[in-house]
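Peer 1: Show me how the following folds:
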Amino acid sequence: MIVQLGQIIDALGGELVGGLRDQEITRISPLETADAASISFLSNPRYATQMAASKAACVIVAPAMRDAAVMRGACIVVANPYVYFARLTQFWRAKKQGLKPSGIHSTAVVDATAVVGESAYIGPQCVVGAGARIGAGTVLSSRVTVADECEIGERCLLHPGVVIGADGFGFASDGASWIKIEQLGRVRIGNDVEIGANTCIDRGALDDTIIEDGVKIDNLVQIAHNVHIGAHSVIAGNVGIAGSARLGRNCSIGGAANILGHLTIADGTSISPTSMVTRSIHQPGLYTGIFPLQTNEQWEKNAASFKQLHVLRERIKKLEKALEAQKSNNGNS
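Peer 2: From the prediction side, this is the model:
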């Protein structure tokens, strides 16, 4: 595929400096592997030396890097190069693949009572259950299951193998066996949500599991019954969120992190990868928690001590200073 720089500017904006509108671009490339027909981008000034050495026909840069970019060659100057790059990839795919698919694939199974919105696409071997609702412009790529009565908003993208609305994990013990608690709620997903391959979102036990607008979820994520995820949060691969946890808006959950049930996570909170969240977080910030596996009794004792580690360190420093002073006084006497 060939695109001219002028076409990119017309579609996405930005200021073209030191280049020609009819310059032909055949690929989007990283700085280090770009060639004379590539367009690349620089979002972090730390990689300015890579930009200077790059063979790219054009580089997308922020205003602060304009002069350095012009010394190398053509550039497009924009406020946020990384966001511009993201939009460029969308522009590129649309040019390459044409219009998004719509309709229902011949191998899909869609219940007669389900509602599929205008311009939605139900891909190969997908299953849409009774009373389910799929919003306009939403794409179920392949082998996606949307169970009975679950709702998906507009312009969502569900990657292969996603399961929406399987039963939540609910059982009551009578002392001898486990008695299933029927899961009577639904899953409700807002607009502009993307869900990665083989992710599972369980239906609620009584109330609904809710995923608000703009949430982005990676592959192999497990979201249990009655979880509520606030708008525009992002969740990386292999995360597990237990039942009835509530995440605020604009949260960021790193890969393989786990959040226990019935916890509340404040808006704007970030959780580091592999962290185990065992308590509610009421103040936004970056949180990290990794602890060795041990008996629960040992863990409780050590966790209590760990919380006092800073205080204990300061007390030890004071004791050490006092001992040094005492030794000095004894030596002078």
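
Peer 1: residue ranges with poor pLDDT in this structure?
Peer 2: The model of the chain has pLDDT under 70 over residues 292-293, 331-333.

Peer 1: now with 90?
Peer 2: 96-102, 118, 289-315, 321-333 (pLDDT under 90).

Peer 1: Got the domain ranges for this protein?
Peer 2: 3-97, 104-287, 296-332 (automatic domain parsing).

Peer 1: The nearest residue to residue 1 once chain neighbours are set aside: what secondary structure?
Peer 2: Counting by C-beta to C-beta, 6 or more residues apart in numbering, residue 1 lies nearest to residue 96, which is 5.3 Å off, once chain neighbours are set aside. Quick note: C-beta positions are derived from backbone N, CA and C, even for glycine. At residue 96 the chain is in helix, as set by DSSP: H, G, I helix; E, B strand; the rest coil.

Peer 1: picking up where we left off before, columns mean neighbour count on top of the domains of the chain, output as JSON lines?
Peer 2: Formatted as JSON lines, these follow (neighbours: other C-beta atoms under 10 Å):
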{"stretch": "domain 3-97", "mean neighbour count": "17"}
{"stretch": "domain 104-287", "mean neighbour count": "19"}
{"stretch": "domain 296-332", "mean neighbour count": "10"}
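
Peer 1: Just read off the phi/psi values of the most centrally placed residue in the chain.
Peer 2: In the chain, the centroid-proximal residue (C-alpha atoms, centre = their mean) is residue 234; its distance is 2.9 Å. When read as degrees, to the nearest 10, the backbone of residue 234 gives phi -130, psi 140.

Peer 1: Quick check, it in contact with residue 221.
Peer 2: No. Between residue 234 and residue 221 there is no contact under C-beta atoms under 8 Å: 10.9 Å.

Peer 1: still on that earlier bit, mind checking how far the residue nearest to residue 1 is from residue 86?
Peer 2: Shown here: residue 96 relative to residue 86, a distance of 16 Å by C-beta to C-beta, to the nearest Å.

Peer 1: which residues does the closest residue in space to the residue nearest to the centre of the chain that isn't next to it in sequence contact?
Peer 2: Computed as C-beta to C-beta, 6+ apart, the closest residue to residue 234 that is not its neighbour in sequence is residue 216, at 4.7 Å. Listed by C-beta atoms under 8 Å, 6 or more residues apart in numbering, the contact set of residue 216 reads 193-194, 233-235.

Peer 1: Pull the residues that contact the helix or strand where residue 86 lies.
Peer 2: Assigned by DSSP states H and E, residue 86 belongs to helix 81-97. If you take C-beta under 8 Å, 6+ apart as the criterion, helix 81-97 is touched by 1, 3, 8, 11-12, 14, 28, 39, 41-43, 60-62, 76, 78.

Peer 1: Next SSE downstream of it?
Peer 2: strand 103-104.

Peer 1: Surely residue 264 and residue 277 touch.
Peer 2: No. Contact criterion C-beta under 8 Å: residue 264 and residue 277 do not qualify, at 10.5 Å.

Peer 1: picking up where we left off before, closest one to residue 70 out of the contacts of helix 81-97, please.
Peer 2: residue 61 (9.2 Å; C-beta to C-beta).

Peer 1: What residues are recorded as beta-bridge partners of that closest one?
Peer 2: residue 77 (DSSP bridges).

Peer 1: Looks like it contacts residue 79 (just checking).
Peer 2: No. Assessed by C-beta under 8 Å, residue 61 is found out of contact with residue 79, at 10.7 Å.

Peer 1: those helices in the chain, which residues are they?
Peer 2: For the chain, the helices defined by DSSP state H occupy 5-12, 48-53, 66-72, 81-97, 296-307, 309-332.

Peer 1: ok and the last one relative to helix 296-307, angle-wise?
Peer 2: Orientation note: helix 309-332 sits at an angle of 60 degrees relative to helix 296-307 (axes from the mean of the first three to the mean of the last three C-alpha atoms, to 10 degrees).

Peer 1: which strands and helices sit next to helix 309-332?
Peer 2: Counting contacts by 3 or more C-beta pairs under 8 Å, 6 or more residues apart in numbering; DSSP states H and E, helix 309-332 is packed against no other helix or strand.

Peer 1: ok, and what's touching that helix?
Peer 2: Under the criterion C-beta under 8 Å, 6+ apart, residues residue 305 lie in contact with helix 309-332.

Peer 1: got it, and the first one?
Peer 2: Outside helix 5-12, the residues within contact range by C-beta under 8 Å, 6+ apart are 14, 16, 19-23, 25, 39, 57-58, 74, 76, 84, 87-88, 91.

Peer 1: quick one: that helix to chain centroid distance?
Peer 2: When C-alpha coordinates are averaged (C-alpha atoms, centre = their mean, to the nearest Å), helix 5-12 and its chain have centres 29 Å apart.

Peer 1: May I have that helix exported as CSV, CA atoms only?
Peer 2: Coordinates of each C-alpha in helix 5-12 appear next as CSV, following Å, rounded to 0.1, in the frame of the first residue of the first chain:
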residue,chain,number,x,y,z
LEU,A,5,2.3,12.4,3.4
GLY,A,6,-0.3,14.9,2.2
GLN,A,7,-3.1,12.3,2.7
ILE,A,8,-1.9,11.7,6.3
ILE,A,9,-1.9,15.4,7.1
ASP,A,10,-5.4,15.9,5.5
ALA,A,11,-6.8,13.0,7.5
LEU,A,12,-5.1,13.5,10.9
